[in-house]
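[1] I'll drop the sequence and a predicted model, then ask my questions.
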Amino acid sequence: MWLGRLRGEPPADGSAAIGGARGALMSSLFERAVNSADQSLVILAPPQAEIPSFYRNVPTATSMHATLLEELQRLRGTVYLEDGAIKPEQLSADGCHRTPEDQRAWHLLVLAEGQVRACGWYLEHQHARSIQDLRVRSCPLVKSGDWKHTVDRAID
């Protein structure tokens, strides 16, 4: 498990995180936007992940990881429920929307005032050969006549 804070954490080798002078400018603008909003970006890595060496200050507090993961699951549950994407019985007793992929995914969190305010995640798929090997196969767009071909092309 790894928890890495992005705010103010340049690569240890001194290079720009995005690449070159333009990358440094974009990185700087992004960081200023995050700082001005009094927010922090945090990456939660899956327990088995290899952490890139350019991250310094890498806390490995298991309890912090569990707390933030639960907070993001609760936020996701609230949003999905309000959107009508899930039913109340699909949430845990404490309002969390848990998925098996949560322990294998990288989560990007926006924290404000110490709480998770936004989140997104990335799930790496090893050896995926078609859309049927990916989690997206159950996405409503894949089943939509209007969008199926577009999604298939984007993935292939």
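    Nice, I can see it.
[2] residues in contact with the longest helix that the chain contains?
    For the chain, the longest helix by residue count, based on DSSP state H, is helix 62-83. Helix 62-83 is contacted from outside by 1-3, 42, 44, 86-88, 90-92, 94-98, 102, 107, 109, 115-119, using C-beta atoms under 8 Å, 6 or more residues apart in numbering. Glycine gets a C-beta too; all of them are placed from N, C-alpha and C.
[3] what about these, which are in strands?
    2-3, 42, 44, 107, 109, 115-119 (DSSP state E).
[4] can you put those residues in TSV and add neighbour count, pLDDT and distance to Q132?
    Below are the ones in strands among the contacts of helix 62-83 laid out as TSV (neighbours: other C-beta atoms under 10 Å; pLDDT from 0 to 100; distance: C-beta to C-beta, whole Å):
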residue	neighbour count	pLDDT	distance to Q132
W2	18	46	31
L3	20	48	33
V42	21	85	33
L44	25	87	28
H107	22	91	25
L109	24	90	30
Q115	11	89	38
V116	22	91	32
R117	13	91	35
A118	14	91	30
C119	20	91	27
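[5] could you export these as a markdown table, including distance to L68?
    As requested, the ones in strands among the contacts of helix 62-83 are exported to a markdown table (distance: C-beta to C-beta, whole Å):
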| residue | distance to L68 |
| --- | --- |
| W2 | 12 |
| L3 | 7 |
| V42 | 7 |
| L44 | 6 |
| H107 | 8 |
| L109 | 6 |
| Q115 | 10 |
| V116 | 6 |
| R117 | 12 |
| A118 | 13 |
| C119 | 9 |
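[6] please enumerate the helices of this protein.
    Using DSSP H, helices in the chain cover 20-36, 62-83, 140-143, 148-155.
[7] shouldn't L111 be in contact with L44?
    No: L111 sits out of contact with L44 when judged by C-beta atoms under 8 Å, with a separation of 11.1 Å.
[8] just list whatever residues bridge to the closest residue to L44 other than its chain neighbours.
    Leaving out its chain neighbours, the residue that sits closest to L44 by C-beta to C-beta, 6 or more residues apart in numbering is H107, at 4.1 Å. For H107, the beta-bridge partners are L44, W121 (DSSP bridges).
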